[in-house]
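Novice: got a structure for you, letters missing:
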């Protein structure tokens, strides 16, 4: 039985993804009243007795001078954020964005690009994250740091372990899927979800579905690629190929797990392709699958997907947040297997999407522990 109260969340990285998530929470709060529920765009409106309107941001951290020290509602729309607005008529924020420690969150090559496209580091001293998490009453911390922020992600994971705050790791730095970190969260009995959030209808989920369809229909896949372009800071950050090792592992394994026999490395290429500034938060994905059908006759498929990148994962995050809260209500700690498999590209255990969806239902109903 859940204790009905607000789900208090903190945010690390007030970028486009965080902006879409917080705007979306307000959108569904405002558009669901008098018994009417706005459900368009949600995988689940109600989950374990919680609606999107039950999610309450209570603290946030960033390193950009245009966001640090500003009310959250202002920071969400500050450069270099460029996602399309969902809902902008916010009430006054109850808190301001706090300065984080940059660590490895900002690659050197960004300084060669205009300020409106990149991070501009604030000169303020980093705040006391542990104190802010405790004073704000945050229960769950969402990690939206840039890809490749290995040191910074581990720093915030440590602060969660010290304060009892759950972590939802939305980026491809391996925490929930790393046995060492998983063990530490399990020993502290703190729920953990990760790693690397899926989109609602994104390149990876579509690629996984198509790969499984080929396999289910008896078509042998010989080779495949997925190429993505975009114009937000995520794609600018990923121009530094050294930051992409875990990202490529995460996306590649997500697709490979849909195949009965994984492809050899030279026959599968999945990862960011290029940064196109004028695309802003629009992501364009190109997928090609080459295979052989009946009698060994070749066939191939090509697909182009265009989608606003950041809102595409916001509804997925809302489900992860609510399942994390359900686990906290029940006193369940450690990596949450079902919701991680359903919402993340590199979970502790890869499970096909339809099965993962069913397991989440069983988890919410209390039929399975995690």
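Specialist: Received the coordinates, thanks. Fair warning: this is a prediction, and the values are worked out from it, not measured in the lab.
Novice: skipping its backbone neighbours, what lies nearest residue 211 in space?
Specialist: Excluding the flanking residues, the one nearest residue 211 by CB to CB, 6 or more residues apart in numbering is residue 258, at 4.4 Å. Backbone N, C-alpha and C define where each C-beta goes, glycine included.
Novice: oh, that last question was meant for residue 169, not what I typed.
Specialist: residue 194 (3.3 Å).
Novice: which stretches of the stretch 1-150 of the chain form helices?
Specialist: All helices of the stretch 1-150 of the chain, identified by DSSP state H, counting those that start in this stretch, fall at 16-30, 72-75, 129-136, 150-163.
Novice: out of those helices, nearest to residue 53?
Specialist: helix 16-30 (4.0 Å; CB to CB).
Novice: rewinding a little: now do the residue nearest to residue 211 against residue 204, distance only.
Specialist: 10 Å (CB to CB, to the nearest Å).
Novice: who does residue 334 bridge with?
Specialist: Following DSSP bridges, residue 334 is listed with bridge partners residue 191.
Novice: now for it: which residues touch it?
Specialist: 182, 185, 186, 189, 190, 191, 192, 370 (CB atoms under 8 Å, 6 or more residues apart in numbering).
Novice: do you know the pLDDT at it?
Specialist: Residue 334 is assigned a pLDDT of 98 by the prediction.
Novice: over to residue 34?
Specialist: Residue 34 is given a pLDDT of 68.
Novice: mind naming the longest helix for the chain?
Specialist: Looking across the chain with DSSP state H, the single longest helix is helix 311-330.
Novice: specify the local secondary structure of residue 193.
Specialist: strand (DSSP: H, G, I helix; E, B strand; the rest coil).
Novice: so how far is residue 11 from it?
Specialist: In terms of CB to CB, residue 193 sits 15 Å off from residue 11.
Novice: quick one: which of the two has more around it?
Specialist: residue 193 (32 against 27; other CB atoms under 10 Å).
Novice: one step back: next, the angle helix 16-30 makes with the longest helix of the chain.
Specialist: Interaxial angle of helix 311-330 relative to helix 16-30 (axes from the mean of the first three to the mean of the last three CA atoms, to 10 degrees): 70 degrees.
Novice: hmm, back to that, make TSV from the contacts of residue 334 and add neighbour count to it.
Specialist: What follows is the contacts of residue 334, written out as TSV (neighbours: other CB atoms under 10 Å):
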residue	neighbour count
182	18
185	23
186	15
189	13
190	21
191	29
192	29
370	18
